[in-house]
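K.L.:
sequence? don't have it. structure:
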């Protein structure tokens with residue numbers, strides 16, 4: 001962060017160092033274009049005394065850049081808080097069941113939560129941990145019904161609705177085949193055949209670990225070797241993090257169709273021809289809930305999740321987590337300090353520029369009087385000052401916006417943070433630091449930034465209007481009046 005600040009300040013100072021050269025260049029161009037007298041007078045006068053103009057540009061540039069940076073920071077912080085809650089919860093509510101269910105009780109589980117007033121969608125599945133061939137690296141398997149899962153979880157900014165339809169079709173494409181295998185009519189073979197592979201959607205970690213590609217076959221181990229086919233990649237799969245390893249964020253994760261994987265597990269094993277004992281292994285142990293967001297619906301779900309027929313352990317409540325992060329004292333104090341630190345200098349800088357302009361006009365009365373005596377009209381003098389101040393304010397606003405966005409782009413990943421861990425868990429300071437980029441921080445340029453820039457431009461227009469009015473009323477006799485001394 002300190003390096004970025006020094007770099008931005010160095011760029012500002014380098015530009016202001018060459019600003020007088022640009023004024024001399026503008027004077028040469030204006031002289032060659034003699035049709036625009038006001039431009040020639042503007043650049044020539046600014047080039048004669050560039051220091052005062054450079055000071056004003058530097059003052060407005062720094063305050064504008066900081067105001068733009070604060071605007072982007074606040075919006076990006078709010079967006080990151082929402083992304084954090086979606087990343088750690090997956091849906092409005094999620095959590096592991098107190099007791100896994102299987103068979104017909106899966107339907108009872110779904111119906112029990114579907115009847116809760118305010119619940120719009122329910123998805124259930126099984127979260128498993130599997131390993132590679134070495135038995136060292138662990139991976140997470142999310143086995144769900146793809147249609148209900150995509151409808152329930154929050155995939156905002158991850159995949160589109162069209163991609164969801166494609167993934168649902170591909171994930172469920174082997175249901176019939178593995179149902180036939182499970183019935184005993186056809187035994188699975190230990191070959192890398194497309195028909196024998198379970199279609200899976202993998203996250204970026206697993207994709208990069210195995211250097212996968214679309215349609216590639218790979219093997220992992222659970223109770224026995226499993227064959228998978230990668231059908232697509234996403235940045236992250238909801239509910240893939242390991243609460244016991246917060247610093248690592250999430251295990252490499254894949255998502256498969258629950259029915260397909262269940263049929264595969266129920267099928268006779270490759271070696272012994274006996275059925276795998278999967279009553280516990282492939283039972284449903286996790287649930288996701290989507291609600292209409294009303295206060296009554298949230299209260300109903302929380303009550304059923306704690307005291308219903310199918311209680312949920314370690315309930316992840318997105319709305320409660322969002323409120324906790326939004327009302328975090330550190331976050332609120334930081335935003336308040338930044339707002340005050342941005343608005344107060346900006347307003348004082350513009351007031352100071354107005355006062356400096358009035359002093360400058362009084363000091364240049366004789367010069368204006370000479371121009372009037374040589375045939376210059378009040379309108380010409382006003383246009384000269386409008387061009388002069390317009391160049392100063394325009395340069396300050398344009399460069400302020402540019403350096404403000406540049407500072408935000410380079411420093412936001414280090415400054416945007418959440419000080420509350422998911423589930424309120426306690427961990428070391430290093431773990432808290434590692435969690436700040438889960439999910440990654442993105443710079444967000446909201447419409448409020450355009451509104452702020454519009455306010456700056458409007459303030460500049462009002463300032464120029466005031467200058468034009470003041471200058472146009474300048475009388476020749478008053479300007480050339482000799483002091484009694």
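P.N.:
On my side now, so go ahead. Worth saying up front: this structure is predicted, and the values here are computed from it rather than measured.
K.L.:
Could you say which helix or strand holds residue 394?
P.N.:
helix 378-415 (DSSP states H and E).
K.L.:
Now the nearest residue to residue 226 once chain neighbours are set aside: which helix or strand?
P.N.:
Spatial nearest neighbour of residue 226, excluding adjacent residues (Cβ to Cβ, 6 or more residues apart in numbering): residue 220 at 5.3 Å. Every residue, glycine included, has its C-beta placed from N, CA and C. Applying DSSP H and E as the criterion places residue 220 in strand 217-221.
K.L.:
sorry, back to before: touching, the residue nearest to residue 226 and residue 129? I think so.
P.N.:
No: the pair residue 220 / residue 129 is not scored as a contact, 10.7 Å apart, by Cβ atoms under 8 Å.
K.L.:
Please enumerate the shared neighbours of the two.
P.N.:
Jointly contacting residue 220 and residue 129 under the rule Cβ atoms under 8 Å, 6 or more residues apart in numbering are residue 139.
K.L.:
who's more crowded, these two?
P.N.:
residue 220 (20 against 11; other Cβ atoms under 10 Å).
K.L.:
thinking again about what came up before, go through the helix or strand following the strand holding residue 220 and flag the buried ones.
P.N.:
The C-terminal neighbour of strand 217-221 among helices and strands, as given by DSSP H and E, is strand 225-234. Neighbour-count burial for strand 225-234, counted by 16 or more other Cβ atoms under 10 Å, picks out 226-232, 234.
K.L.:
Of the residues you listed, which pair is most distant in space?
P.N.:
227 and 234 (21.2 Å; Cβ to Cβ).
K.L.:
so where's the stretch 301-450 of the chain shaky on pLDDT?
P.N.:
365-366, 368-369, 372, 376, 378-379, 419-438 (pLDDT under 70).
K.L.:
Show me the strands in it, by range?
P.N.:
For the stretch 301-450 of the chain, strands defined by DSSP state E, counting those that start in this stretch occupy the ranges 312-317.
K.L.:
Repeat that for the stretch 101-250 of the chain.
P.N.:
119-131, 138-144, 198-203, 217-221, 225-234.
K.L.:
Please produce CSV containing these, extended by mean pLDDT and distance to residue 287.
P.N.:
Formatted as CSV, the strands of the stretch 101-250 of the chain follow (pLDDT from 0 to 100; distance: least, Cβ to Cβ, whole Å):
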stretch, mean pLDDT, distance to residue 287
strand 119-131, 87, 5
strand 138-144, 86, 10
strand 198-203, 90, 20
strand 217-221, 79, 25
strand 225-234, 86, 21
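K.L.:
got CSV for those, with distance to residue 79 too?
P.N.:
Below are those laid out as CSV (distance: least, Cβ to Cβ, whole Å):
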stretch, distance to residue 79
strand 119-131, 24
strand 138-144, 25
strand 198-203, 21
strand 217-221, 35
strand 225-234, 19
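K.L.:
Quick check: which of these is nearest to residue 259?
P.N.:
Closest among those, using Cβ to Cβ: strand 138-144, at 8.8 Å.
K.L.:
Just give me the neighbour total for residue 374.
P.N.:
7.
K.L.:
same thing with the one 3 residues further on?
P.N.:
By other Cβ under 10 Å, the residues close to residue 377 number 11.
K.L.:
Next, find the distance separating the residue lying closest to residue 400 once chain neighbours are set aside from residue 452.
P.N.:
Among residues not flanking residue 400 along the chain, residue 64 sits closest, at 2.7 Å (Cβ to Cβ, 6+ apart). Distance of residue 64 to residue 452, given as Cβ to Cβ, to the nearest Å: 9 Å.
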